[in-house]
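missing the sequence, but the structure's below:
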C-alpha cells in the first residue's frame, strides 16, 4: 500500500468523521444512505443516527483502503468478500442497544418483543438455520407444488412426474424439465399464479419433470456414494428414456435450470457420443457450462479447499443442506442473514409468508462424491468446455457436438450465475439456432416472472446482434422488452413441439403405471 495515499485516506477519514460530529452537535445530520436505517426511529434518535453514519463512513473507508492495496485479483476478491462480511456483521442494526427500532418495540410491548425474539432465536437454533418466512403457511400439494400430475417412474435418484393436461389439444413433442438437485424442484411450481410448470401446461405443452431424491444419513450407502456420472446416466438419461417411451416420441424438448442445466447439457453430450440423439431442443435457465467466471463463489474455490472436500466427501457421505444454505445466504448477508437477525430476534417479529423463501428454506443434502466431482471439474478446472470434452467410462461428453436449437436465459442481477457466464454457454456449443435472453432481477426472481404480473423486463437481440463477440457487446445491441420473458420462450418452443393432438386424460401407461399423485414423496423429504 502506498504510504502517501494511505496518509491521505487517514486524513480524509478524520475530516469526514469531524464533520459528522459537528453536524450531530447541531442536530443537522441527514438521513443515512443505507435503507436499513430508513425507519423514522433512526432519524429521531441522535445517538443512533450518528452511529449509523459512523458505520457507513467506516465501510467506505475500508473499501477505499482495499483500492489502495497491491494484491493479485484472487486475493483482492477474497479480502473484499471478508470485508463485506465484517462490515455487515458490525452494522448497528444487529445489536439491541444500538438499534432504536428494537428498543422502541421493547418499550411499546412491555418487553414482549424481546421475549418473542428469544423464542424465535431458540427455535432457529434448534432447526439449525434462520427462519426467513412464516413456514406454517405452506404445505406441499396444498398451496405450493399444486399443478396436477402423477409420479410415473422412480429409482434411487429421482421420481418422474407427468403433468395432467389442461387443454383439449397438446403438442406431440413433450418437454422434460431437469431442475437443480440443490433445493427442490417446486421453485418451478410454486402457486398457480406464478408456476412455470402450470404456464407451460396451459400453453398445450406436455410436461414431464424430474424430482430429485433428497439423500438422508440413513439411506443405503449406495445413495451416499452417487457421483456425477450416476446423475447423468441413472438420472437425466433415464428420465429422457422414460419420457420418450411414455410420449411415443423419438425426440423430446428439454430444459435445465441452474445445475440442472449443467447436468442436462452433459447428459445430452454423453448420449451423442453413444450414438443417441434424443433432444429436439435444449433450454438453459441461469446455467453455467463455461466456469471461467463464477462470480463471488470464486472466493471459496482453490486447490486446497477442493482437495479437502475430496478427502472429506469424495468416497461417500453427505454434504449437509444447512451448509449449502448458509453459503448461499452469506453471498448476500444484508438481505438473507442480518435482516432477519434484526427483525426476528431483536424486534420479535414473525416474517411474512412468502412462497419463494419457503422454497429457499427447504434444502437438500448432496451425495459427497457428486459434490466433490462438481467442485473440481467445473469450478476449479472448468473441464466441461475443454476440447474433446470429458471422459465418462468408455464415452465422452463433448458439448461442442450438441448441434440442436438452444435457448439460453440469464438474469442480470444473478449473484450465483453471473449473466455473462450464462451468455458464455453459447461459446461452448456449436453456433446454430441459438437465442439468448437476459431478464431483470436475480437468480430466482428473474426466472419466476409470470406474464400476468406485468413486472420487470427482459432484453433480446435480433439475429445480427446475436453474433456479438462478448456479453457486453450483445447487451449494447439488445433491446429492452417490458414484462415477462415466458411468452418469448413459448414462441420459440412451440414451433419445435410438433403438431397438436388430442390430449390423453389418463397418465402413465401399462409399463409405467401411476405410483402416486404429484408432487410425489421424494420432494416431501426434509433435510432436517
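That came through, no problem. Owing to the predicted nature of the structure, the values given are computational and were not obtained by experimental measurement.

Could you tell me how many residues sit around the residue lying closest to residue 36 once chain neighbours are set aside?
With sequence-adjacent residues excluded and distances taken as Cβ to Cβ, 6 or more residues apart in numbering, residue 36 is closest to residue 93, at 5.2 Å. In this view, the C-beta of every residue, glycine as well, is placed from N, C-alpha and C. Residue 93: 26 surrounding residues under other Cβ atoms under 10 Å.

so residue 93, which of the three states?
Here residue 93 is helix, with the state taken from DSSP: H, G, I helix; E, B strand; the rest coil.

ok, now which ones touch it?
36, 37, 99, 101, 338, 342 (Cβ atoms under 8 Å, 6 or more residues apart in numbering).

what's the closest of those residues to residue 484?
Taking Cβ to Cβ as the measure, residue 484 lies nearest residue 36 of the contacts of residue 93, at 30.3 Å.

where in this protein is pLDDT low?
Applying pLDDT under 70 to the chain flags the ranges 431-432, 463-467.

separation between the residue most central in space within it and residue 296?
Closest residue to the average C-alpha location of the chain: residue 443 at 4.9 Å, with Cα atoms, centre = their mean. Noted for residue 443: a distance of 12 Å to residue 296, by Cβ to Cβ, to the nearest Å.

which parts of stretch 271-278 are buried?
271, 272, 273, 278 (16 or more other Cβ atoms under 10 Å).

meant to ask about stretch 22-33, not that
Neighbour-count burial for stretch 22-33 flags 24, 29, 32 (criterion: 16+ other Cβ under 10 Å).

Also stretch 315-324?
Quick answer for stretch 315-324 (16+ other Cβ under 10 Å): 317, 318, 319, 320, 321, 324.

From what I see, the last one and residue 361 are in contact.
Going back to what we said before, that points to residue 324. No - using Cβ atoms under 8 Å, residue 324 is not in contact with residue 361; the gap is 11.9 Å.

Please enumerate the strands of the stretch 201-350 of the chain.
207-212, 252-257, 279-285, 318-319 (DSSP state E, counting those that start in this stretch).

Which of those sits closest to residue 453?
strand 279-285 (17.9 Å).

okay but residue 366 is in contact with residue 319, surely?
Yes - counting by Cβ under 8 Å, residue 366 touches residue 319, with 4.4 Å between them.

How about the contacts made by residue 69?
By Cβ under 8 Å, 6+ apart, residue 69 lies in contact with 1, 76, 79.

are any of the residues you listed buried, and which?
residue 79.

Would you format the strands of the stretch 201-350 of the chain as CSV with distance to residue 161 included?
As requested, the strands of the stretch 201-350 of the chain are exported to CSV (distance: least, Cβ to Cβ, whole Å):
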stretch, distance to residue 161
strand 207-212, 5
strand 252-257, 14
strand 279-285, 18
strand 318-319, 24
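
Indicate which one of these is closest to residue 51.
strand 318-319 (39.4 Å).

Which elements pack onto that closest one?
strand 366-367, helix 368-374 (3 or more Cβ pairs under 8 Å, 6 or more residues apart in numbering; DSSP states H and E).

Can you tell me how far the closest residue to residue 260 other than its chain neighbours is from residue 505?
Among residues not flanking residue 260 along the chain, residue 178 sits closest, at 4.1 Å (Cβ to Cβ, 6+ apart). Distance of residue 178 to residue 505, computed by Cβ to Cβ: 26 Å.

Between those two, which has more neighbouring residues?
Comparing residue 178 with residue 505 by other Cβ under 10 Å, the one with more neighbours is residue 178, at 31 against 7.

does that one really touch residue 263, like I thought?
Yes - using Cβ under 8 Å as the test, residue 178 is close enough to residue 263 to be in contact (6.0 Å).

what is in contact with those two at once?
Shared contacts of residue 178 and residue 263, defined by Cβ under 8 Å, 6+ apart, comprise 236, 256.

Who are the contact partners of the residue nearest to residue 45 when sequence neighbours are not counted?
Closest residue to residue 45 apart from its sequence neighbours, by Cβ to Cβ, 6+ apart: residue 100 at 4.2 Å. By Cβ under 8 Å, 6+ apart, residue 100 lies in contact with 39, 41, 42, 44, 45, 48.

Quick check: phi and psi at the fifth one.
Which is residue 45. In terms of degrees, to the nearest 10, the main-chain angles of residue 45 are phi -110, psi 100.

what number of residues lie near it?
For residue 45, using other Cβ under 10 Å, the count is 18.

And for the fourth one?
For residue 44, the count of nearby residues is 11 (other Cβ under 10 Å).

I'd like to know which elements the helix or strand hosting residue 12 is packed against.
Here residue 12 sits within helix 3-26, counting by DSSP states H and E. Under the contact definition 3+ Cβ pairs under 8 Å, 6+ apart, helix 3-26 sits against helix 46-68.

which parts of the helix it packs on are buried?
For helix 46-68, by 16+ other Cβ under 10 Å, it's 48, 49, 50, 51, 52, 53, 54, 55, 56, 59, 61, 65.

hmm, back to that, which of the helices and strands packed on strand 318-319 sits closest to residue 524?
Residue 524 lies closest, by Cβ to Cβ, to one member of the helices and strands packed on strand 318-319: strand 366-367, at 18.1 Å.

Mind putting the helices and strands packed on strand 318-319 into TSV with distance to residue 500 and mean neighbour count?
Listed next are the helices and strands packed on strand 318-319 as TSV, based on distance: least, Cβ to Cβ, whole Å; neighbours: other Cβ atoms under 10 Å:
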stretch	distance to residue 500	mean neighbour count
strand 366-367	40	27
helix 368-374	39	22
